[in-house]
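Undergrad: Got a sequence here, can you model it:
(one chain, ligands or ions: 3)
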Amino acid sequence: MKRLIWTKASDAERAAAVARPEQRSEKAVQDAVRAIVDDVRTRGWDGVAEQALRLDGETPGLVDVAGPAAEARRILTREQVDAIETACRNIKTFHEGSLPAEHAVETMPGLRVRKIWRPLDRVGLYIPGGKTPLFSTLLMLAIPAQAAGVGEIVVTTPPRPEGGLDPVIALAAEMCGIEAVWTVGGAQAIAALGFGAGGIPRVDKICGPGNAYVAEAKNQVAALAGGAAIDMPAGPSELMVIADDSADAAMVAADLLSQAEHDPSAQVLFVTTSPALADAVETLVPQLASGLPRRAIAEQSLAFARTIIADDLEQAVDIANRYAPEHLSLAVAEPEPLVARVRNAGAVFAGHEAAETFGDYLAGSSHVLPTDGAARAWSGISVYSFLKSISVQQVTQEASQRIAAPAAALARLEGLEAHALAADARMRKVPA
Ligand SMILES: NC(=O)c1ccc[n+]([C@@H]2O[C@H](COP(=O)([O-])OP(=O)(O)OC[C@H]3O[C@@H](n4cnc5c(N)ncnc54)[C@H](O)[C@@H]3O)[C@@H](O)[C@H]2O)c1
Ligand SMILES: N[C@H](CO)Cc1c[nH]c[nH+]1
Ligand SMILES: [Zn+2]
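TA: Numbers count the residues shown, from 1 in each chain. Ligands and ions are numbered 1, 2, ... in the order given. A predicted model of the protein is given here:
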């Protein structure tokens, strides 16, 4: 891990230390995705099928989850099934508990403005599966969507290397009441959801994370006329750990590797006020990485890892706000004062016991979170991702008399006479 002392570093060195891996946004990825999206957009199902066969070796199909879910129940231990059920319960409890209430305000006497909430009609959920099937992501998307009351949920995921739908993804889908899943991944799946192709219907919004190809495809689809909306930029995983000298080096190292093992272009940053802790973590990380089944992926990602020595914890949080990480772990003795200073992060893990892994699986909030600095402006998945708010205005006759004149004045100030006439039309005598 490259090390940098923040206060002694030049502006250019600081910028380089908090830069995302270039391979996430390289032109080759953009060009490859553009070709796939154009193909699906112009040729529909034929484009999807051809791209899927070329990239993933299988023609997409809509798979009934009942068969593979039953297979999963045969393969998995009772403890594993219980663990998935625990995750489902916590995610459901959190999201049902965070549904918004209707909100009404009387801005003037007789002038009542309120916000009502409506679920989206049809959403597409992308479940990553290139390197390993992320069944947990299905729970993190489908449960909030259902809590919000979405009308129709369309799920896509890449086929397994040996073909067909992954049984554990099928089981997770079944536990969420989803009957069928499309076995198609990558940019071709995103384009199919964005424009509709064959039996895959165009959705109102595409939600879900993925690798650089998937993240780029979402951006391109959302930018094209007629393309579906998207939840957020959610690409390869990121973690920044801020630690003081109360932190345990082994915990910090394990947390950093938990995100490095996701993707060669995942990024983990370690910011600490303790050079001694930095030494210990930098020794442990390669040791632990060398024993991981996904060692090759983690080691590629560690090329983008950094240790940053901060003067104090306030400076450490300033660095986090500048980087805007997907995940921010506060491995410090007193996390709450730091939480109060955090402005830009997808999710915060406060204190030594709050392992990022708990958030990935079963704390309750969704692990689908903004990456690549998008946490400056975007939030992670929640029930709000699947809801729209609509404002409703009610005006009594008395209130209408009071607001018509100023409304007409404002309209004439903008040179919009028809607007003014609509206000004037309300200025009538109130019956006694
Ligand atoms: N931000 C978040 O909330 C979040 C959550 C979970 C996972 N993730 C990230 O999701 C990603 C999962 O990645 P993955 O690769 O395992 O699965 P994936 O499903 O995202 O991508 C697999 C697909 O990529 C396409 N692809 C692969 N190589 C290609 C190429 N050369 N050209 C065109 N398309 C190509 C294939 O069609 C394949 O189906 C990881 O980066 C992980 O960090 C992010
Ligand atoms: N850490 C990922 C989000 O960046 C989510 C995940 C799924 N499975 C394990 N982790
Ligand atoms: Zn993870």
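Undergrad: so residue 178 touches residue 142, yeah?
TA: Yes: using C-beta atoms under 8 Å, residue 178 is in contact with residue 142, at 6.1 Å. No exception for glycine: its C-beta is placed from N, CA and C like everyone else's.
Undergrad: who has more neighbours, the two?
TA: residue 142 (25 against 20; other C-beta atoms under 10 Å).
Undergrad: re earlier: list residues touching both of residue 178 and residue 142?
TA: Common contacts of residue 178 and residue 142 (C-beta atoms under 8 Å, 6 or more residues apart in numbering): 153, 155.
Undergrad: Near ligand 1, which residues of the stretch 201-350 of the chain are found?
TA: Contact residues (C-beta under 6 Å from any ligand atom) of the stretch 201-350 of the chain with ligand 1: 209, 210, 211, 213, 214, 234, 236, 237, 262, 263, 266, 326.
Undergrad: Is residue 115 part of a helix or strand, or is it coil?
TA: strand (DSSP: H, G, I helix; E, B strand; the rest coil).
Undergrad: Any stretches of this protein with poor pLDDT?
TA: Where the chain drops to pLDDT under 70, the residues are 429-432.
Undergrad: okay, now the domains of it?
TA: For the chain, whose domains are defined here by automatic domain parsing, the residue ranges read 2-21+236-364, 27-234+384-388, 396-432.
Undergrad: Kindly reformat the ones you listed as a markdown table containing distance to ligand 2.
TA: As requested, those are exported to a markdown table (distance: least, C-beta to the nearest ligand atom, whole Å):
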| stretch | distance to ligand 2 |
| --- | --- |
| domain 2-21+236-364 | 3 |
| domain 27-234+384-388 | 5 |
| domain 396-432 | 47 |
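Undergrad: Out of these, flag the one nearest residue 375.
TA: Distance to residue 375, taken as C-beta to C-beta, is lowest for domain 2-21+236-364 among the domains of the chain, at 4.2 Å.
Undergrad: end-to-end on the closest one?
TA: With C-alpha to C-alpha, to the nearest Å applied, domain 2-21+236-364 spans 34 Å between its terminal residues.
Undergrad: coming back round to it: the domains of the chain: which one's closest to residue 374?
TA: domain 27-234+384-388 (4.3 Å).
Undergrad: Any residue of stretch 46-61 touching ligand 1?
TA: Yes: residues of stretch 46-61 are located near ligand 1 by C-beta under 6 Å from any ligand atom, namely 55, 56.
Undergrad: buried residues in that stretch?
TA: 47, 48, 49, 50, 51, 52, 55, 56, 58, 60, 61 (16 or more other C-beta atoms under 10 Å).
Undergrad: May I have it exported as CSV, CA atoms only?
TA: C-alpha atoms of stretch 46-61 as CSV (Å, rounded to 0.1, in the frame of the first residue of the first chain):
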residue,chain,number,x,y,z
ASP,A,46,-31.5,-10.5,-31.4
GLY,A,47,-29.0,-7.9,-30.1
VAL,A,48,-29.4,-9.1,-26.5
ALA,A,49,-29.1,-12.8,-27.4
GLU,A,50,-26.1,-12.3,-29.6
GLN,A,51,-24.2,-10.2,-27.1
ALA,A,52,-25.1,-12.5,-24.2
LEU,A,53,-23.9,-15.5,-26.2
ARG,A,54,-20.6,-13.7,-27.1
LEU,A,55,-19.8,-12.5,-23.6
ASP,A,56,-21.4,-15.1,-21.3
GLY,A,57,-21.8,-18.1,-23.5
GLU,A,58,-25.6,-18.5,-23.1
THR,A,59,-28.8,-17.2,-24.7
PRO,A,60,-30.9,-15.4,-22.0
GLY,A,61,-33.9,-17.1,-20.6
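Undergrad: any residues touching that stretch, and which ones?
TA: 36, 39-41, 43, 156, 158-159, 161, 163-164, 182-189, 191-192, 197-198, 200.
Undergrad: Show me just the buried residues among those.
TA: Buried among these (16+ other C-beta under 10 Å): 36, 39-41, 156, 158-159, 182-189, 191-192, 197, 200.
Undergrad: Mind checking which of the residues you listed are in strands?
TA: Those of the buried ones among the contacts of stretch 46-61 mapping onto strands are 156, 182, 183, per DSSP state E.
Undergrad: Can you give me every residue that contacts the first one?
TA: Pointing back at residue 156 there. Shown in contact with residue 156 (C-beta under 8 Å, 6+ apart): 60, 124-127, 181-185, 189, 192-193, 200.
Undergrad: Kindly recompute the last result at 7 Å.
TA: Residue 156 makes contacts with 124, 126, 182, 184, 185, 189, 193, as judged by C-beta atoms under 7 Å, 6 or more residues apart in numbering.
Undergrad: where do the helices sit along the stretch 1-150 of the chain?
TA: Secondary structure of the stretch 1-150 of the chain (DSSP state H, counting those that start in this stretch): helices at 11-17, 27-43, 45-56, 66-75, 78-97, 135-148.
Undergrad: in the stretch 201-350 of the chain, which spans are helices?
TA: 212-223, 249-260, 275-289, 295-302, 313-323, 336-341.
Undergrad: Residues touching the third one, excluding its own?
TA: Read it as helix 275-289. With C-beta under 7 Å, 6+ apart, helix 275-289 has contacts from 1, 3, 243, 245, 247, 249-250, 252-254, 256-257, 270, 272, 295, 298-299, 302, 307, 309.
Undergrad: Emit the PyMOL select command for whichever of these are buried.
TA: In PyMOL syntax, the buried subset of the contacts of helix 275-289 is picked out as below (16+ other C-beta under 10 Å):
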select buried, resi 1+243+247+249+252+253+254+256+257+270+272+298+299+302+307+309
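Undergrad: and the helices of the stretch 201-350 of the chain as TSV, adding distance to residue 107?
TA: Below are those laid out as TSV (distance: least, C-beta to C-beta, whole Å):
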stretch	distance to residue 107
helix 212-223	34
helix 249-260	46
helix 275-289	54
helix 295-302	52
helix 313-323	34
helix 336-341	32
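Undergrad: Which of the ones you listed sits closest to residue 94?
TA: helix 336-341 (17.9 Å).
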